[in-house]
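>>> Build me a model from this:
(2 chains)
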Amino acid sequence: QQQVKQSPQSLIVQKGGISIINCAYENTAFDYFPWYQQFPGKGPALLIAIRPDVSEKKEGRFTISFNKSAKQFSLHIMDSQPGDSATYFCALTGGFKTIFGAGTRLFVKA
Amino acid sequence: EPEVTQTPSHQVTQMGQEVILRCVPISNHLYFYWYRQILGQKVEFLVSFYNNEISEKSEIFDDQFSVERPDGSNFTLKIRSTKLEDSAMYFCASSEQGFSNQPQHFGDGTRLSIL
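Coordinates of the predicted model:
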């Protein structure tokens, strides 16, 4: 059973543009919703995270929007830069378990 | 900045052989995790570990897998009799506490290739 659906699979954005990645989940047992960034040859690194009692969180150019009733959350990358080119994973964390989305490969064109 | 280190970076093993993947978590962290990532696919949770016990495990973590903290610094994942489908990147992670909102810090992984 797929607990989290992430879209799109891949994304190409012009430098300076906005990158938007979406995730939808089914199980409400999770209570923490992080986004991870992964560069080739590296492990995932926590980028930004949100709790379900908050609708939006912003850290620099990165914003999470969270819609609890729709069971959806999204990552917005403002002023996207070539250095943002990486794979992004949404995740659901509850207790001692984290479930990852399938990932989105972002390429930012210079 | 302290980091999670994993060795070896690449392990090649014959099918049916045992393999041990090693991790040194961040020193003051108490919770440890193993994940795997089959090439080009998503990161999959295997197991979490605290106080020398498994806290939670996924359906992937069957009897062929075991984890151990043999000393005060290392955290290991053992696969008893490897299969071709065990070929993947294996990531170790650690967190200071086990609460959901505690960030997990990942190592750069061990690429396991089963021949």
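
>>> Report the closest residue of chain A relative to chain B.
residue A:43 (3.3 Å; CB to the nearest CB). Where you see a C-beta, it was placed from the backbone N, CA and C, and this is true even at glycine.

>>> and that residue, that's in a helix?
No. Assigned with DSSP: H, G, I helix; E, B strand; the rest coil, residue A:43 falls outside any helix and is coil.

>>> thinking it is in contact with residue B:108, fair?
Yes. Using CB atoms under 8 Å, residue A:43 makes contact with residue B:108 at a distance of 5.0 Å.

>>> Overlap in contacts, those two.
Residues touching both residue A:43 and residue B:108 (CB atoms under 8 Å, 6 or more residues apart in numbering or on different chains) are residue B:91.

>>> Tell me which of those two has more neighbours.
Set residue A:43 next to residue B:108 and count neighbours by other CB atoms under 10 Å in any protein chain shown: residue A:43 wins out with 23 against 17.

>>> ranges for the helices of chain B?
With helices called from DSSP state H, chain B shows none.

>>> For it, give the residue positioned nearest to chain A.
In chain B, the residue that lies nearest chain A is residue B:106 (3.3 Å; CB to the nearest CB).

>>> For the closest residue to residue A:88 other than its chain neighbours, which residues are in contact?
Nearest residue to residue A:88, sequence neighbours excluded (CB to CB, 6 or more residues apart in numbering or on different chains): residue A:104, at 4.9 Å. With contact taken as CB under 8 Å, 6+ apart, residue A:104 is in contact with A:6, A:7, A:8, A:9, A:10, A:11, A:21, A:87, A:88, A:89.

>>> That'll do, ta.
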